[in-house]
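> please find the sequence and the predicted model below.
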Amino acid sequence: MNETLLTIKDLSVTVHDGSEKKILLNRICLDVPSLSIVGLVGGSGSGKTTTGLAVLKLLSPALKIDDGEIIFQNENLLKIALSKLQQIRGKAISMIFQEPLQAFNPVFTIGYQIEEVLVMHTTLNTKQRKEKILSLLDKVGIKDPKRVAGNYPHQLSGGMRQRAMIAQAIAVDPRLIIADEPTSNLDVTLQARIMELFLQLRDELKLTLLLITHDLGMVSHISDRVAVMNQGQIVEQGITKEVIENPQQEYTKKLLGNIKF
């Protein structure tokens, strides 16, 4: 088995609603082995997106991490200085958000926004950065990278925007990508193509992927391991094939009952 790249241990997150404290994550534990694809699956409000955002401390100020550890490359991300965490964000760990039209800045071109990552995390000169941007867009299957680099986010289709966001995420060779519902707004054909792209990039770039989704069917086809979340807790986890073929929890069985293989 590959080494564990990311370990989430006893992570608890709460939010205060007036005088009442609501538990969003209740002592969850999750291991993400290096070079694997791990699916984090659950319905709306299960806590899966909160888990992904907590890894990089991107939670809303209203949310509080009460307890736990998030160990990445032998360091507890919850304890390190903000300056060091900012170096890890986008470089060692990248995040792909659910809606790229909202995640991208509408007033800057796609090329400019990818270049921002290269400026922050590399020593490439201007010419090298321009070449790298075109190479990245080509790698994610964009057929006219020069045109797309000069486009604004709203000028691209949903599938193209998602590919551009993936290009930005892999720009500086991260070890881990957290993908939050990366295909939820795409049609079935585009979903399949994006999943194929993730598999290709995992193999080519030696990536590890934490895939956050409500779609257990998708996870069954792409992930090595799966963790099922419900009401702020991981209720079942293990090797994907074993969980799919022999689910132990009623909630997992319910999710499986909603999909077609």
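Arrived safely, thanks for sending.
> now do the buried residues in the host helix or strand of residue 130.
Using DSSP states H and E, residue 130 sits in helix 126-139. For helix 126-139, burial by neighbour count (16 or more other Cβ atoms under 10 Å) applies to 129-130, 132-134, 136-137, 139. Quick note: C-beta positions are derived from backbone N, CA and C, even for glycine.
> who does it touch, helix- and strand-wise?
Applying 3 or more Cβ pairs under 8 Å, 6 or more residues apart in numbering; DSSP states H and E, we find helix 126-139 packed against helix 110-121, helix 145-149, helix 158-169.
> ok, and what's touching the shortest one?
Residues from elsewhere that reach helix 145-149, judged by Cβ atoms under 8 Å, 6 or more residues apart in numbering: 109-111, 114, 133-138, 142, 156, 160, 164.
> buried sites along it?
By neighbour count on 16+ other Cβ under 10 Å, the buried set for helix 145-149 is 145, 148-149.
> the last one too?
Buried residues in helix 158-169, defined by neighbour count with 16+ other Cβ under 10 Å: 159-169.
> got the CA positions of stretch 15-33 in CSV?
C-alpha atoms of stretch 15-33 as CSV (Å, rounded to 0.1, in the frame of the first residue of the first chain):
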residue,chain,number,x,y,z
VAL,A,15,-20.9,26.8,13.9
HIS,A,16,-22.7,29.0,16.4
ASP,A,17,-26.3,29.8,15.5
GLY,A,18,-27.3,32.4,18.1
SER,A,19,-26.8,30.7,21.5
GLU,A,20,-26.8,27.3,20.0
LYS,A,21,-23.7,25.4,18.8
LYS,A,22,-24.3,23.1,15.9
ILE,A,23,-21.9,20.3,15.1
LEU,A,24,-20.9,20.2,11.4
LEU,A,25,-18.1,17.6,11.6
ASN,A,26,-18.1,15.1,14.5
ARG,A,27,-14.6,13.7,15.0
ILE,A,28,-14.1,12.4,11.5
CYS,A,29,-11.0,10.3,10.6
LEU,A,30,-9.8,9.8,7.0
ASP,A,31,-6.6,8.6,5.4
VAL,A,32,-5.7,9.5,1.8
PRO,A,33,-2.9,7.3,0.4
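> before I go, just wanted to say thanks for your time.
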